[in-house]
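Chemist: next input, structure requested:
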Amino acid sequence: MFKYSYNALVYYGEALQASAERLARFGYDAIELVGEPSDYDFGQVRAIAADTGLKVSSICSIFNAERDLGHPDASVRARAVAYVKEVADMAAGIGAPTIIAAPVANMRIREIGSREDEWKWAVEGIREGGEYAASLGVNLCIEAWNRFESYMLNRLDQAEAMRREVGLANVGIMGDTFHMNIDEHDIAGAIRQNGDALIHIHLADSNRAAPGEGHTDFEPILRALRDIGYEGYLTFELLPAAADPFGVMKRGGGQAFFDAYTEQAIARIKEIERKLAAEAGSEARKRMPASSK
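Modeler: Numbering: from 1, shown residues only. Take a look at the predicted model:
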């Protein structure tokens, strides 16, 4: 069975206690927290998790113009590495096994200097952050964003190439079905091809809403994850389909992303999971000797 989590980023402006209670009510296993360590009291996070029976699956880091591991300015790169280490400290402090990292700032869609140098700097930064995370028993996963949000990594095979160059046992890659819907030729195929390195998944439909609201076919995706023996969390990261989704939520929009989509997301994916389990059981029975049936 898969493990389910939900990114608290979606619950813009809401207290953690309310978010955790909602997730527990709808049957989630864990919550993913936003990578802003100063926004949290780690002791309070642990208490809320214990009270609701949730784990903290992961920390979703926020890479902006001041946190860019591949930036030509060495001071910007240094701040980004320091930030990765702070997020690793946060993960260790609240018991989250995984942090997410991206090589360049979100919405940087072209190189500033040399593309080769920026790749090299990003690898160096992820390696330094990954080594620090390893010392705390924390994993780091490299995320690929679609071409409209990043120029450097847009597909799983590119993230896997960077992971191999980083060369650390605690560093893996992650896929996000919203981004993959844009830049992967075959989402399930990319999962199978890079499954050995895959340690985290974000799920969202093609329009970044809950599964069932867009045109993504999640059945082959879940089948691929089952077939590769994926053991990480399936974490829903849902946002309004707008250039400024947080602006929409700040103005009071996106209310469906709270109760309605939280319930729908896990219900739709668990329905597919049950279907796959039934298929697997049927296939197993077909392979049994007649005398055993």
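
Chemist: quick one: the strands in this structure?
Modeler: Taking DSSP state E to define them, one finds strands in the chain at 3-7, 30-35, 55-61, 98-101, 139-143, 171-176, 198-203, 233-236.

Chemist: redo those strands as JSON lines? Include mean pLDDT and distance to residue 247.
Modeler: From N, CA and C alone the C-beta is placed, and that goes for glycine too. JSON lines is the format used below for these (pLDDT from 0 to 100; distance: least, CB to CB, whole Å):
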{"stretch": "strand 3-7", "mean pLDDT": "98", "distance to residue 247": "18"}
{"stretch": "strand 30-35", "mean pLDDT": "98", "distance to residue 247": "17"}
{"stretch": "strand 55-61", "mean pLDDT": "98", "distance to residue 247": "19"}
{"stretch": "strand 98-101", "mean pLDDT": "98", "distance to residue 247": "23"}
{"stretch": "strand 139-143", "mean pLDDT": "98", "distance to residue 247": "23"}
{"stretch": "strand 171-176", "mean pLDDT": "98", "distance to residue 247": "21"}
{"stretch": "strand 198-203", "mean pLDDT": "98", "distance to residue 247": "21"}
{"stretch": "strand 233-236", "mean pLDDT": "98", "distance to residue 247": "21"}
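
Chemist: is it possible to get TSV of those that adds distance to residue 112 and mean neighbour count?
Modeler: Output for those, formatted as TSV (distance: least, CB to CB, whole Å; neighbours: other CB atoms under 10 Å):
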stretch	distance to residue 112	mean neighbour count
strand 3-7	29	24
strand 30-35	23	24
strand 55-61	21	24
strand 98-101	19	26
strand 139-143	20	26
strand 171-176	24	24
strand 198-203	27	25
strand 233-236	31	27
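
Chemist: which one of the ones you listed lies nearest to residue 19?
Modeler: Closest approach to residue 19 among these (CB to CB): strand 30-35, 6.7 Å.

Chemist: rewinding a little: out of the strands of the chain, which is closest to residue 43?
Modeler: Set against residue 43 and scored by CB to CB, the strands of the chain come closest in strand 55-61, at 13.0 Å.

Chemist: between that closest one and strand 30-35, how many degrees?
Modeler: If you take axes from the mean of the first three to the mean of the last three CA atoms, to 10 degrees, strand 55-61 sits at 30 degrees to strand 30-35.

Chemist: returning to what we had before: could you dump the strands of the chain to a markdown table with distance to residue 119?
Modeler: Formatted as a markdown table, these follow (distance: least, CB to CB, whole Å):
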| stretch | distance to residue 119 |
| --- | --- |
| strand 3-7 | 27 |
| strand 30-35 | 23 |
| strand 55-61 | 19 |
| strand 98-101 | 14 |
| strand 139-143 | 12 |
| strand 171-176 | 15 |
| strand 198-203 | 21 |
| strand 233-236 | 27 |
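
Chemist: residue 22 is nearest to which of those strands?
Modeler: Checked against CB to CB, the stretch from these lying closest is strand 3-7, at 8.4 Å.

Chemist: what's residue 30 in contact with, if anything?
Modeler: 3-5, 23, 54-58, 233, 235 (CB atoms under 8 Å, 6 or more residues apart in numbering).
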